[in-house]
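Trainee: Pasting the sequence and the predicted model now:
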Amino acid sequence: MESVQQLSLVKKIATIMGELGQIERTGEKKGKTQSGGEFEYDVFLEGDIVAPVQSACNRHNVAIIPNVVAMDRRDVPADKYTKHLVDVMVEFLIEDGDSGEQRTARMPGSAEERGDGSGVSKAITDANKNFLRKQFQLSARQEGKPTYRPTLKQPERLPIKPEKTAASTVSGETRTVVSHIFEVTEDIGKKTGAKYLWVEIGTEGKKGIENVICDDPTLFAPLYAARTKDAKIDILRKEGAKYPRITAIHEAQ
């Protein structure tokens, strides 16, 4: 049969659990949904948990002593910087000041840092907060407001731009040149996925005078074949277009 002394710490922990019950969350976290809306919800701050637990432990002469027994820091590439993820394993010693009875338990903690050296401290805080919450089975007090509160704000919808008319897409100056085709390179449009060709042409025997593009599939084979000889090429220069476009190809006379 266990003595009263051996059960002293367990009884005190149970008493503290009953005294604490539900506690209030004072932190608030906000964010954005994938669709562009916003949300917010309540979270526990460290003080929300530590303050009532500390007060209850003091009343019952119970001490909780943390000890970091393992730590790991690893680099994780990010968009504009390298962040560090820090993991710790914290062992907590719970001791009864009256009977001297001790119990130990472990809780992991994690945090990220951006080179400021605060990751270990944040990870220990994470472990401490979670340990106290789970050890004393603390739950949130609902003050008449939901945990998750989606807002009504939605992303601004931009007006749909009308497509350009056929007349505007073919406006520009067309000219025919006798060119030597030096290189034909196949490419795929990043936005449209359409296939087109980059064509490097030269006149008067000079290479690299001009780069033009071709998106007419019926002209692909003739352009590849014309790499070995001169050809007449109809080139359309559109308004605002960065590169001229090949619209027809003819054998040079």
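Mentor: Received, thanks.
Trainee: In contact with the nearest residue to Ile235 once chain neighbours are set aside: list those residues for me.
Mentor: Nearest residue to Ile235 in three dimensions, chain neighbours excluded: Pro244, at 4.7 Å (CB to CB, 6 or more residues apart in numbering). Every C-beta, even on glycine, is put in place using the N, C-alpha and C of the backbone. Residues in contact with Pro244 (CB atoms under 8 Å, 6 or more residues apart in numbering) are Glu210, Val212, Ile213, Ile235, Leu236, Arg237, Lys238.
Trainee: Just send those residues back as JSON lines, with neighbour count, secondary structure and pLDDT too.
Mentor: Listed next are the contacts of Pro244 as JSON lines, based on neighbours: other CB atoms under 10 Å; DSSP: H, G, I helix; E, B strand; the rest coil; pLDDT from 0 to 100:
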{"residue": "Glu210", "neighbour count": "14", "secondary structure": "strand", "pLDDT": "74"}
{"residue": "Val212", "neighbour count": "21", "secondary structure": "strand", "pLDDT": "85"}
{"residue": "Ile213", "neighbour count": "16", "secondary structure": "strand", "pLDDT": "85"}
{"residue": "Ile235", "neighbour count": "22", "secondary structure": "strand", "pLDDT": "84"}
{"residue": "Leu236", "neighbour count": "17", "secondary structure": "strand", "pLDDT": "86"}
{"residue": "Arg237", "neighbour count": "14", "secondary structure": "strand", "pLDDT": "82"}
{"residue": "Lys238", "neighbour count": "15", "secondary structure": "strand", "pLDDT": "79"}
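Trainee: I figured Lys83 hits Glu113, correct?
Mentor: Yes: here Lys83 reaches Glu113: they are 6.9 Å apart, a contact under CB atoms under 8 Å.
Trainee: State whether Ala51 is indeed within a helix.
Mentor: Yes: under DSSP: H, G, I helix; E, B strand; the rest coil, Ala51 falls within a helix.
Trainee: That one: neighbouring residues, count only.
Mentor: By the measure other CB atoms under 10 Å, the count of residues near Ala51 is 12.
Trainee: and it, how far is that from Leu45?
Mentor: 10 Å (CB to CB, to the nearest Å).
Trainee: cool, Glu28 as well?
Mentor: 9 Å.
Trainee: State the next helix or strand along the chain beyond the worst-scoring helix or strand of the chain on mean pLDDT.
Mentor: Every helix and strand of the chain was ranked by mean pLDDT, DSSP states H and E. The lowest is helix 166-169, at a mean of 38. Downstream of helix 166-169, the first helix or strand assigned by DSSP states H and E is strand 172-188.
Trainee: which other helices and strands contact that next one?
Mentor: strand 195-202, helix 220-225, strand 230-238 (3 or more CB pairs under 8 Å, 6 or more residues apart in numbering; DSSP states H and E).
Trainee: angle of it against strand 230-238?
Mentor: 100 degrees (axes from the mean of the first three to the mean of the last three CA atoms, to 10 degrees).
Trainee: how about strand 172-188: buried residues?
Mentor: Neighbour counts over strand 172-188 (16 or more other CB atoms under 10 Å) mark Ser179, His180, Ile181, Val184 as buried.
Trainee: Please, where are all the helices along the stretch 1-150 of the chain?
Mentor: For the stretch 1-150 of the chain, the helices defined by DSSP state H, counting those that start in this stretch occupy 4-20, 46-59, 119-135.
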